[in-house]
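Student: what shape does this take:
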Amino acid sequence: MKHLLLKKLIKKILINHNLNNEHAETCANALINAELVGAPSHGLSRLRMYCERISKKVINPKPKIKIKKISQSISHIDADNSIGFVAADTAIKVGIKNAKKTGIGLVAVKNSGHYGLSGYYAEQAVKKGLMVMVFTNAPPAVAPHGALKSLFGTNPICFGTPTGSKVPFILDTSISMINRGKIRVAAREGSKIPEGVALDKFGKPTTDPKKALEGVQLPIAGFRGSGLAWMVDILSGVLTGGNHAGRVKDPFTDFSGPQNIGHLFFLLKPNLFVGNSFNKRIKDNIKTIKKLPKIKNVKEILYPGQSKFSRFKINYKKEINISKTVLKDLEYLQGF
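Tutor: Purely as a prediction, here's the structure:
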């Protein structure tokens, strides 16, 4: 289906679930972007879940978002249990405004929900000429190092910077070996997950996504990945006023209340310390690394964000491929 038609359909579905036109547009843009950059696990496969949470009154479709100005650079947002896309969109815009004014923008968010891809918001800041870091926590999926039970989320870490070219540097990665969305998609589609990314509830390695969802996901880099997950839980949960320490509810299975996810956005002007030489320095950095000798069958050393940028350009000209499972979701939601 053509992405513009699909966007209209998503907007209509969300408006039928009581979002206003502006908020529905915000959500639709983020969901379509996920599909276009090749991350369907954060795209249409989640739409039914968002709508179910709205119907069960654990996402507020008409939030009264409060922005508390702590200083010229720092803001604290209470998202009033809004859908995460709206909360994060509000936060990144506030952060950009603060950073443009003072050189630094720090925005904490509480009472939010799942907001899709962190890189989507980071790219908005980079397009405005800013560096950015984004942190968010998530429902339990990863066991702390040495523990038998999952507690940390996949807790993405995101960093973005201008590069002096049209292609931004966007590192957007979870601290788990595979993001949870991919496991959920595999479970719905009846496919397997790679080896070495998850354990079942008995602590045995598994490639069965359903068993992985019942068990634990493995962190990147062993205890170091566990430490990074803990750091993100502190920054986006403890610091912001959001849920933390395993208290973020699973959006697909737990409808007992709002998720109260926390986010933290840190933006800064890249010329704060080196003035107008930043562009020259970042170009030199990238050029130097790209000129390194390459291992066999590697044509180019890519920096984070290059592949995603290329996929977006290619996919933007094509129709979005919709799986049978997602197609059923769309048919169901249209008849809501």
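Student: over to K110. Which of the three states is it?
Tutor: strand (DSSP: H, G, I helix; E, B strand; the rest coil).
Student: could I get the CA-only coordinates of stretch 93-102 as PDB?
Tutor: Written as PDB, here are the backbone C-alpha positions of stretch 93-102 (Å, rounded to 0.1, in the frame of the first residue of the first chain):
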ATOM      1  CA  LYS A  93      10.300  20.300  20.200                       C
ATOM      2  CA  VAL A  94      10.700  21.900  23.700                       C
ATOM      3  CA  GLY A  95      14.300  20.600  23.800                       C
ATOM      4  CA  ILE A  96      15.100  22.100  20.400                       C
ATOM      5  CA  LYS A  97      13.700  25.400  21.400                       C
ATOM      6  CA  ASN A  98      15.700  25.400  24.700                       C
ATOM      7  CA  ALA A  99      18.900  24.400  23.000                       C
ATOM      8  CA  LYS A 100      18.600  26.900  20.200                       C
ATOM      9  CA  LYS A 101      18.100  29.600  22.800                       C
ATOM     10  CA  THR A 102      20.800  28.700  25.400                       C
END
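Student: which residues touch the closest residue to G153 other than its chain neighbours?
Tutor: In this structure, G153 finds its nearest non-sequential neighbour in A138, 2.6 Å apart by CB to CB, 6 or more residues apart in numbering. Placement of C-beta: from N, CA and C, glycine included. A138 is in contact with H114, G153, T154, N155, P156, R180, V248, I261, counting by CB atoms under 8 Å, 6 or more residues apart in numbering.
Student: rank the residues you listed by pLDDT and give me only the lowest.
Tutor: Of all the contacts of A138, R180 carries the smallest pLDDT score, 87.
Student: need the contact list for that residue.
Tutor: So R180 contacts A138, P139, A141, G153, T154, S174, Q217 (CB under 8 Å, 6+ apart).
Student: tell me the secondary structure at I183.
Tutor: I183 ends up helix, using three-state DSSP.
Student: how many neighbours does it have?
Tutor: Using other CB atoms under 10 Å, I183 has 23 neighbouring residues.
Student: touching the helix or strand where W230 lies from outside, list them.
Tutor: Following DSSP states H and E, one finds W230 within helix 223-233. Here helix 223-233 makes contact (CB under 8 Å, 6+ apart) with 135-137, 142-146, 152-157, 175-176, 219-221, 244-245.
Student: and if you look at stretch 236-251?
Tutor: Taking CB under 8 Å, 6+ apart as the rule, stretch 236-251 contacts 46, 49-50, 53, 58, 76, 78, 108-114, 135-140, 150-153, 155, 233-234, 256-264.
Student: let me see the ranges of the strands in the protein.
Tutor: Remark: strands assigned in the chain by DSSP state E are 66-69, 74-78, 104-112, 131-136, 157-161, 169-173, 198-199, 216-217, 261-268.
Student: neighbouring contacts of stretch 44-55?
Tutor: So stretch 44-55 is contacted by 6, 10, 13-14, 17-19, 27, 31, 35, 59, 61, 83, 113-114, 116, 181, 184-185, 188, 251-252, 255, 320, 322-323, 325-326, 329-330, 332-333, 336 (CB under 8 Å, 6+ apart).
Student: which among the residues you listed count as buried?
Tutor: 6, 10, 13-14, 17, 19, 27, 31, 35, 59, 61, 83, 113-114, 116, 181, 184-185, 188, 251-252, 255, 320, 322, 326, 329-330, 333 (16 or more other CB atoms under 10 Å).
Student: just the C-alphas of stretch 214-223, formatted as PDB.
Tutor: Output in PDB follows, covering the C-alpha atoms of stretch 214-223 (Å, rounded to 0.1, in the frame of the first residue of the first chain):
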ATOM      1  CA  GLU A 214       8.000 -16.000  28.600                       C
ATOM      2  CA  GLY A 215      11.700 -16.000  29.500                       C
ATOM      3  CA  VAL A 216      14.500 -13.400  29.400                       C
ATOM      4  CA  GLN A 217      16.400 -11.500  26.700                       C
ATOM      5  CA  LEU A 218      20.100 -11.400  26.800                       C
ATOM      6  CA  PRO A 219      21.900  -8.000  27.100                       C
ATOM      7  CA  ILE A 220      24.700  -6.900  24.800                       C
ATOM      8  CA  ALA A 221      28.200  -7.300  26.100                       C
ATOM      9  CA  GLY A 222      27.200  -9.400  29.200                       C
ATOM     10  CA  PHE A 223      27.400  -7.500  32.500                       C
END
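Student: nothing else from me, thank you.
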